[in-house]
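Asks: Got a predicted structure here, sequence first:
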Amino acid sequence: MIHCPQAAAIIFGLTGEGQHMGKAEDFGFFLTKTFATTRKRKRRWPFVPGKYFVHDPQAPVAVTTLGSVDLAREISELEPKGLCIVGKVETENIGIEKIIRNILGNRAIQYLVLAGAEPPKHLTGATFTALFANGIDTTKKIIGSPGMRPVLPNTSQEDVDMFRGQVQAVDMIGETDPQKIMAKVAELADQAVATESEAIEADAGETREYLLARTHDPKLIKLDKAGYFVINPESGRLLVEHYDYKEHLLRTIEGTSARDLYLTIIENGWVTKLDHAAYLGKELARAEAALKAGEDFVQDGA
């Protein structure tokens, strides 16, 4: 019988937290208040991340395919004349805010085509229509929207007014034929007013924090006083062994869901550091994915 978790880890092809043979400082992660830097970095448009395809940043037409995720790619592959950017938007709050911020960051965009199928309950197409027609109230709720929660908490009244003044909405809600949408984009491009805007490099007045993660020396890490974990996928399930730093096996937690295992460990207070919890969640997710795919799992060292 194997009592040493390091030996067991080697036999099972694992390199979990218990695999560290050096100083105690080599366990876990190390976090400080200086985990990131706010050093300025010049970014190019589009400034807000998302699932979209950019063609010509100087073109006048943007397209949102609403809840039709695959339609955005299909339109992109056709490379329609006059297309600036195309992407989906499935939520009537944060999703719409991201579109507003990216469009305000590019004055070349003059039209926003609303196409594709409406996301159930969120109704982003109808919410966009209400936004263009009515704007927002003092609580930042989109007036007249039928969506579940049509509120823009990160968008000012001034931003909404500028957005409504810059672009014209083109209603093709429900249209999922990429050829018809492509034809409309080309038509709108022919109608657009010529602009001389240059490639945008500033962030259009973005004032929120943008942090660059710093590299951390793995030697400068601290122990989680609650112990460490070794993850073993076995016979369609996940076995998580919890050890103290004298290599005593404290307990084994069994399950098939990374989420259930993670929450069980958290609820019982068997992990006490945020960085350790993040590591454990990541590794459990990797182990579950490997288990479902029938692939080998090798636990990363902490």
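Replies: Looks like it came in fine.

Asks: Can you tell me which helices and strands the host helix or strand of residue 280 packs against?
Replies: Using DSSP states H and E, the element containing residue 280 is helix 274-293. With contacts defined as 3 or more C-beta pairs under 8 Å, 6 or more residues apart in numbering; DSSP states H and E, helix 274-293 has these neighbours: strand 228-234, strand 237-243, helix 258-267. Just so you know, the C-beta spots here come from the backbone N, C-alpha and C atoms, and that holds for glycine as well.

Asks: which residues sit in contact with residue 56?
Replies: 82, 83, 84 (C-beta atoms under 8 Å, 6 or more residues apart in numbering).

Asks: For the helix holding residue 280, which residues meet the burial criterion?
Replies: For helix 274-293, a neighbour-count test (16 or more other C-beta atoms under 10 Å) marks 275-277, 279-281, 283-284, 286-288, 290-291 as buried.

Asks: same question, stretch 52-66
Replies: Buried, per 16+ other C-beta under 10 Å, within stretch 52-66: 52, 54, 55, 57, 59, 60, 61, 62, 63, 64, 65, 66.

Asks: neighbours of the closest residue to residue 291 other than its chain neighbours, just the number please.
Replies: For residue 291, ignoring the flanking residues on the chain, the nearest one in space by C-beta to C-beta, 6 or more residues apart in numbering is residue 233 at 4.6 Å. For residue 233, the neighbour count with other C-beta atoms under 10 Å is 22.

Asks: Quick check: beta-bridge partners of residue 233?
Replies: residue 238 (DSSP bridges).

Asks: isn't it right up against residue 292?
Replies: No: Residue 233 lies out of contact with residue 292 (C-beta atoms under 8 Å); the separation is 9.8 Å.

Asks: Tell me, what's the model's pLDDT at residue 255?
Replies: At residue 255, the pLDDT value in this model is 95.

Asks: try residue 139
Replies: 96.

Asks: I figured it was touching residue 153, is that so?
Replies: No: the criterion here is C-beta under 8 Å, and residue 139 misses it with residue 153 at 9.5 Å.

Asks: What's the separation between the residue nearest to residue 291 and residue 298?
Replies: 10 Å (C-beta to C-beta, to the nearest Å).

Asks: now do residue 155
Replies: Residue 155 is 45 Å from residue 298, by C-beta to C-beta.

Asks: now swap in residue 68 and tell me
Replies: 39 Å.

Asks: Name the residue in those two with the higher neighbour count.
Replies: Under the neighbour definition other C-beta under 10 Å, residue 68 and residue 298 were set side by side, and residue 68 has more, 22 against 16.

Asks: Tell me the pLDDT of the closest residue to that one other than its chain neighbours.
Replies: In space, and not counting its chain neighbours, residue 68 is closest to residue 116: 3.3 Å by C-beta to C-beta, 6+ apart. You'll see residue 116 listed with a pLDDT of 97.

Asks: Next, residue 116: phi, psi?
Replies: Main-chain torsions, residue 116, degrees, to the nearest 10: phi 90, psi 180.

Asks: taking the mean pLDDT, what do you get for stretch 284-300?
Replies: Rounded mean pLDDT across stretch 284-300 is 93.

Asks: and stretch 260-279, which residues are buried?
Replies: 261, 262, 265, 270, 271, 273, 275, 276, 277, 279.

Asks: Just name the closest of those residues to residue 187, please.
Replies: Distances from residue 187 to the buried residues of stretch 260-279, taken as C-beta to C-beta, are shortest for residue 262 (51.6 Å).
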